[in-house]
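Sequence and predicted structure below; questions after.
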Protein chains: 2
Amino acid sequence: MEHHLHYTISLLARTPATLDALLRDLPREWTFANEGENTWSAFDVVGHLIFGERMDWIPRARMILQFGESKTFEPFDRSGHVQKIQGKSLVQLLEEFARARSESLEQLRGFNLQLEDLGRRGRHPAFGVVTLSQHLASWAAHDLTHLHQISRVMAHQYREAVGPWGRYLGVLKCVGHSSP
Amino acid sequence: MEHHLHYTISLLARTPATLDALLRDLPREWTFANEGENTWSAFDVVGHLIFGERMDWIPRARMILQFGESKTFEPFDRSGHVQKIQGKSLVQLLEEFARARSESLEQLRGFNLQLEDLGRRGRHPAFGVVTLSQHLASWAAHDLTHLHQISRVMAHQYREAVGPWGRYLGVLKCVGHSSP
């Protein structure tokens, strides 16, 4: 399907409550476990999502609207959340993410985007010219990529416990597919 | 990690609210779209989860407790939900799933399982001898495999809309890994 701002906002608005329902008060054996060295736990993923709200999605949308192709986005630091989440609880992060996302959507609505604005162009440090429409669709798909990741990381903890069922459980065969 | 009944129940108890937060009132372009012929939409997945509550997880656990290895589980019909969900709304299915899961967990608690019960054995039509512990761990991992699937199916709808970001979004590279 094509990108529609309404579809994107509908999805973005639901992610904090989805993660809250899935993760809040779950035993930390699920939420702080990862897939091995240099991989992320559900806790880390929520930290990364918060960092994206502050540094990526709205700031870059604003750059597209203000500067078009004339100014390249700041590169996004995929480890930028690491320092910021140390010592925090998962509940703190879930609440921080809900607030940050709510503020982001308020700012997005404040842009009062018209259909023709979605074709406006900016400059991505790796991809070159991209449209505002692609940027916003990627924001929604990025939520889904991390929901996909969290479900995989959690299932990984039971990879031995399930015994022979492992052959039927697609999530246990998923190798991540993420960029480094 | 090893299987713990407490971890399993914690996860199973959260899935209905997670799917409700993610899917309720989302535009049907997200929830009724699939990945092509003979694949499932989010709506179909919720139907399958309900069918599993009725026909698979608790009934098979009860068979293990009552008959041990002497009686083979009924094969599970992966298309068993298809007739049952026709004409229903997604909200109806979400509510039906929440009720069914709540009843399942009540029955599970009613078994009053002790640690030694988790080693009790049953007979799976494809795998042969399995333990109650493996069966219950698989129930939780099965929730996660379908959350993984729903996030992938929904992201698939934006595979073109995201433009060059597709290379960074692992969920768009996921090929499913499910058994047929």
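Thanks, I have the structure now.

make it CA atoms for all contacts and neighbour counts henceforth
OK.

just checking, what packs against the helix ranked longest in chain A?
Selection of the longest helix in chain A by residue count, based on DSSP state H, yields helix A:132-156. Helix A:132-156 is packed against helix A:5-23, helix A:42-55, helix A:57-67, helix B:132-156, with contacts defined by 3 or more Cα pairs under 8 Å, 6 or more residues apart in numbering or on different chains; DSSP states H and E.

now the helix or strand just after the shortest one, how far from the centre of its chain.
Proceeding N to C from helix A:57-67, the next assigned helix or strand is helix A:82-85, under DSSP states H and E. In terms of Cα atoms, centre = their mean, to the nearest Å, the centre of helix A:82-85 is set 16 Å apart from its chain centre.

Only alpha carbons, please: show helix A:82-85 as PDB.
Extracted C-alpha coordinates of helix A:82-85, given in PDB (Å, rounded to 0.1, in the frame of the first residue of the first chain):
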ATOM      1  CA  VAL A  82      23.600   3.300  26.000                       C
ATOM      2  CA  GLN A  83      24.800   5.900  28.500                       C
ATOM      3  CA  LYS A  84      21.300   7.400  28.900                       C
ATOM      4  CA  ILE A  85      19.600   4.300  30.000                       C
END
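
can you list the residues that contact it?
For helix A:82-85, the external contacting residues (Cα atoms under 8 Å, 6 or more residues apart in numbering or on different chains) are A:Asp44, A:Gly47, A:Leu93.

wait, does stretch A:45-52 make contact with chain B?
No. Contact between stretch A:45-52 and chain B, assessed by Cα under 8 Å from any Cα of the partner chain, is absent, since the two come no nearer than 13.8 Å.

Alpha carbons only: can I get that stretch in CSV?
What follows is stretch A:45-52, C-alpha atoms only, in CSV (Å, rounded to 0.1, in the frame of the first residue of the first chain):
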residue,chain,number,x,y,z
VAL,A,45,15.4,-1.5,22.4
VAL,A,46,13.1,0.8,24.4
GLY,A,47,16.1,3.0,25.1
HIS,A,48,16.9,3.1,21.4
LEU,A,49,13.3,4.0,20.6
ILE,A,50,13.4,7.0,23.0
PHE,A,51,16.7,8.2,21.6
GLY,A,52,15.2,8.0,18.1
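
average pLDDT for it?
Rounded to a whole number, the mean pLDDT of stretch A:45-52 is 97.

Could you do stretch A:129-146 as well?
Summarised as a single mean, pLDDT over stretch A:129-146 is 97.

Buried residues of it, list them for me.
Within stretch A:129-146, the residues scored as buried using 16 or more other Cα atoms under 10 Å in any protein chain shown are A:130-146.

Give the buried residues for the lowest-mean-pLDDT helix or strand in chain A.
Sorted by mean pLDDT, DSSP states H and E, the helices and strands of chain A end with helix A:82-85, the least confident at a mean of 91. When neighbours are counted by 16+ other Cα under 10 Å, the buried residues of helix A:82-85 are found to be A:Ile85.
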